[in-house]
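# kindly generate the corresponding structure for this input.
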Amino acid sequence: MPDTVRGLQFRVRVRGPQDGDPVLLLHGFPQHSGMWDLVSPILHDAGLRTIAPDQRGYSPGARPKDVAAYRVGELAADALALLDAVGAPSAHLVAHDWGALVGWRLVAGEHADRIRTFTAISAPHPGALVAAARTDPDQQQRLGYIRLFQEAGKAETVLLENGATRLRAMFGALPPERIDDYVRPLLEPGALTATLNWYRALGTNGSTGPALRPTTYVWGDQDIAMGRVAAQSCGDWVNADYEFVPLPGASHWIADELPDELARHILARIDSARSGPPQ
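A predicted model of the protein is given here:
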């Protein structure tokens, strides 16, 4: 597919049956499109075609210097442009962490008709997360790391010192070789700064309205960043068919830990829309 859109060059993995229904896969921080490697083959076996980009800041050819270039509106526009590039008028959307925050913007905005279904992983609707952060001490504590990530220079130093020990520690008990695969690209000059710019643009993102598309939210009850209050209130921000899927014992890294179970819930959401036109 053409990988240059909106003046930026993206690395994109397009796989699965050529005639399959398209599924756009959006990764979060600090991963890349390889986070879907254990999930996407299951989707391909179900007849689906996956489009998995390394998003803005993660693709070497898509690293603008200006922090404002990493606002959610820009990230959402990238996703739509990538769908245009593969000739997909609409697609199912599966997104994790920061990718899910982009997804919530897509299913709430003027282009929501481009998304057939949405499966959000780990990150609830930003309205639910902001509300929880205002009233729930537990959620306030969980999000404390964001203050560090927004400190240009200091965050890079802290995360990369001693062989990127702290960056690696974020992945918990994932296999070391898997952690290496995620961390290695962020050691390239300028890479970590570009990905942290998503956090540094937070104050310019504006609010996100209620989701307008059929939505499943998958959350691990051992997620270190997203607490129960925000997770359980996510449905208050969805004006469409909605399912909340809590996974006991799962952490933030659900696609690595439970790929088969995650794929099952993704397929259930997609199948729910196949019997009729998009809702």
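# show me what contacts the residue lying closest to residue 13 once chain neighbours are set aside?
Excluding its sequence neighbours, the residue lying closest to residue 13 (C-beta to C-beta, 6 or more residues apart in numbering) is residue 52, at 4.5 Å. Backbone N, C-alpha and C define where each C-beta goes, glycine included. Contact criterion C-beta atoms under 8 Å, 6 or more residues apart in numbering gives 12-15, 24-25, 27, 33, 36, 40 as the residues in contact with residue 52.
# how about the residues you listed in a markdown table, adding distance to residue 123, neighbour count and pLDDT?
Formatted as a markdown table, the entries for the contacts of residue 52 read as follows, by distance: C-beta to C-beta, whole Å; neighbours: other C-beta atoms under 10 Å; pLDDT from 0 to 100:
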| residue | distance to residue 123 | neighbour count | pLDDT |
| --- | --- | --- | --- |
| 12 | 22 | 19 | 97 |
| 13 | 22 | 17 | 96 |
| 14 | 24 | 16 | 96 |
| 15 | 24 | 17 | 97 |
| 24 | 16 | 26 | 98 |
| 25 | 15 | 26 | 98 |
| 27 | 12 | 24 | 98 |
| 33 | 17 | 23 | 98 |
| 36 | 16 | 26 | 98 |
| 40 | 20 | 26 | 98 |
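# so which of the residues you listed belong to helices?
Among the contacts of residue 52, the subset assigned to helices under DSSP state H consists of residue 40.
# just the closest of the contacts of residue 52 to residue 79, please.
Using C-beta to C-beta, residue 24 is the member of these that lies nearest residue 79, at 6.3 Å.
# these two touch, right, that closest one and residue 82?
Yes. Under the criterion of C-beta atoms under 8 Å, residue 24 lies in contact with residue 82, with a separation of 7.2 Å.
# who touches both of the two?
Taking C-beta under 8 Å, 6+ apart as the contact definition, residue 24 and residue 82 share the neighbouring residues residue 51.
# let's have the contacts of residue 52 in TSV, adding distance to residue 198.
Supplementary listing: the contacts of residue 52 in TSV, determined by distance: C-beta to C-beta, whole Å:
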residue	distance to residue 198
12	19
13	20
14	24
15	25
24	18
25	17
27	12
33	16
36	19
40	23
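# hmm, back to that, the residue nearest to residue 13 and residue 159, how far apart?
The spacing between residue 52 and residue 159, counted by C-beta to C-beta, to the nearest Å, is 24 Å.
# repeat for residue 3
Residue 3 sits 28 Å away from residue 159, going by C-beta to C-beta.
# same question for residue 70.
Residue 70 sits at a distance of 17 Å from residue 159 (criterion: C-beta to C-beta).
# if you count what's nearby, which of those two comes out ahead?
Neighbour count, other C-beta atoms under 10 Å: between residue 70 and residue 159, residue 70 has more, with 25 against 21.
# just to check, the more buried one is in contact with residue 57?
Yes. Contact between residue 70 and residue 57 holds when scored by C-beta under 8 Å: they sit 6.4 Å apart.
# which neighbours do these two have in common?
Common neighbours of residue 70 and residue 57 (C-beta under 8 Å, 6+ apart) are 194, 197-198.
# which residues sit in contact with residue 97?
By C-beta under 8 Å, 6+ apart, the contact list for residue 97 reads 27-29, 31, 121-123, 252.
# need the next SSE after the helix or strand containing residue 218, C-terminal direction.
Assessed by DSSP states H and E, residue 218 sits inside strand 215-220. Heading C-terminal from strand 215-220, the first helix or strand you meet, by DSSP H and E, is helix 228-232.
# and that following helix, what does it pack onto?
Taking 3 or more C-beta pairs under 8 Å, 6 or more residues apart in numbering; DSSP states H and E as contact, the helices and strands that helix 228-232 lies on are helix 126-135, helix 137-142, strand 242-247.
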